[in-house]
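Chemist: Fold the stuff below for me.
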Amino acid sequence: MPELPLARTNAEARLYLSLQPCESCGESRCTFRSAVITVEGALASRYTGECPSCSARRVYEFRLPAEVLPPPAGSVRFGEASPSELLDPGTWLWYSDVCIRQVPSTTATLDDRALKAARHTLATAIAAIDEVLKFIPDTEDRVPLSALTSADGLALYDREPGRFTRPRLEAVRDYYTATLAGS
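Modeler: Below you'll find the predicted structure:
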């Protein structure tokens, strides 16, 4: 097996890529193309792009899961039951926050296209919360500090450790889910 990080879904890989700055200039924007490749006899995915600011070639490779998960109809899934190898729980919680800030407080005046976009963004926020929950061991009630591997994730945990408890995460997820069902 190659020593590549696992990207459980294309959605997870694309989110990870969107958060990686160019090593040459720091630009975060980049359009990536993907291809399935073989690395050391195992299937993998390769994402390539060119930095729009400095033209540096950007390449990322990930292991593919044993079973490829198709995107579910009407919802979002970043992976199965195992926690992410690409993003830590602090990054997932931050991303859920980013998504929820994009959802309008009322959908009454939205046209069909805007309503569909708002519902998808809300479903993405829910899926990101589900990803945080995957880091909590069955016998625990909070994300272990050792699961936080990014500076931003640790900073969020330091500022708001209560947000990383199972009861709080489940309550937020349930509220978002009820909101989605009512929209």
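
Chemist: mind giving me the domain split of the chain?
Modeler: 10-63, 89-182 (the TED database).

Chemist: And the longest one, how far out from the chain middle?
Modeler: Pointing back at domain 89-182 there. 10 Å (Cα atoms, centre = their mean, to the nearest Å).

Chemist: what bits of this protein have low per-residue confidence?
Modeler: Across the chain, the ranges flagged by pLDDT under 70 are 1-2.

Chemist: Relative to its centre, which residue of it is most distant?
Modeler: Centroid-distance maximum for the chain: residue 109 at 29.0 Å, with Cα atoms, centre = their mean.

Chemist: Tell me who's in contact with residue 103.
Modeler: 118, 121, 122, 125 (Cβ atoms under 8 Å, 6 or more residues apart in numbering). Yep, even glycine has a C-beta here, placed from its N, CA and C like the rest.

Chemist: Let's see that with 6 Å instead.
Modeler: Taking Cβ atoms under 6 Å, 6 or more residues apart in numbering as the criterion, residue 103 is in contact with 118, 121, 122.

Chemist: what does residue 28 give?
Modeler: residue 21.

Chemist: With the one 5 residues further on instead?
Modeler: Taking Cβ under 6 Å, 6+ apart as the contact definition, residue 33 lies against residue 48.

Chemist: Just checking: what are the partner strands of the helix or strand harbouring it?
Modeler: Here residue 33, judged by DSSP states H and E, is contained in strand 32-39. Applying DSSP bridges, strand 32-39 is found paired with strand 42-50 (antiparallel).

Chemist: by contact count, what packs against the next helix or strand along the chain from the strand it pairs with?
Modeler: Downstream of strand 42-50, the first helix or strand assigned by DSSP H and E is strand 57-63. Here strand 57-63 touches strand 42-50, going by 3 or more Cβ pairs under 6 Å, 6 or more residues apart in numbering; DSSP states H and E.

Chemist: hey, which helix is longest across the chain?
Modeler: helix 112-133 (DSSP state H).

Chemist: what does that helix contact?
Modeler: Helix 112-133 has contacts (Cβ under 6 Å, 6+ apart) with 75-76, 78, 84, 89, 92-93, 95-96, 99-100, 102-104, 107, 169, 172-173, 176-177, 180, 183.

Chemist: got the angle for the helix or strand following it vs helix 112-133?
Modeler: Downstream of helix 112-133, the first helix or strand assigned by DSSP H and E is helix 151-159. Calculated by axes from the mean of the first three to the mean of the last three Cα atoms, to 10 degrees, helix 151-159 forms an angle of 80 degrees with helix 112-133.

Chemist: Thanks a lot, see you next time.
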